[in-house]
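Undergrad: Fold the following, please.
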Amino acid sequence: MRNNDIPKPIIKGTQPATGNSAFKLKNIEWLQQHHQEYHGQWIALHNGQLLGAHESFVELRQVLKNLGQLKSTIFINLKVNV
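TA: Residues are numbered from 1 along each chain as shown. Below you'll find the predicted structure:
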């Protein structure tokens, strides 16, 4: 795959993410404790709680959208080795 084949990111908002820092800390704590259980998947977290996991971001997002759980949800790709 050439660099030209990679689509450019689409920016849908210009405001920085906001939110309660306690929520962020809870999400970080959850990740530290559980990230290996979901290796190779996308996960969705809210306030330190797992809302779902799937190999496909599109599928995970659609499920959460259908459940009305997109607001304040963070999506994290655990497919990448850091």
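
Undergrad: Any idea what Ile76 is bridged to?
TA: Ile43 (DSSP bridges).

Undergrad: What separation do you get for it and Leu45?
TA: 7 Å (CB to CB, to the nearest Å). In short, each C-beta sits where N, CA and C put it, glycine included.

Undergrad: what residues do those two have in common as contacts?
TA: Listed as contacting both Ile76 and Leu45 by CB atoms under 8 Å, 6 or more residues apart in numbering are Leu31.

Undergrad: Those two: who's more crowded?
TA: Leu45 (23 against 17; other CB atoms under 10 Å).

Undergrad: mind showing which ranges of this structure have poor pLDDT?
TA: Residues of the chain meeting the criterion pLDDT under 70: 1-4, 6, 9-20, 80-82.

Undergrad: Residues in contact with the helix of greatest length in the chain: which ones?
TA: In the chain, taking DSSP state H as the definition, the longest helix is helix 21-34. For helix 21-34, contacts defined as CB under 8 Å, 6+ apart pick out Leu45, His46, Asn47, Gly48, Gln49, Leu50, Ser72, Ile74, Ile76.
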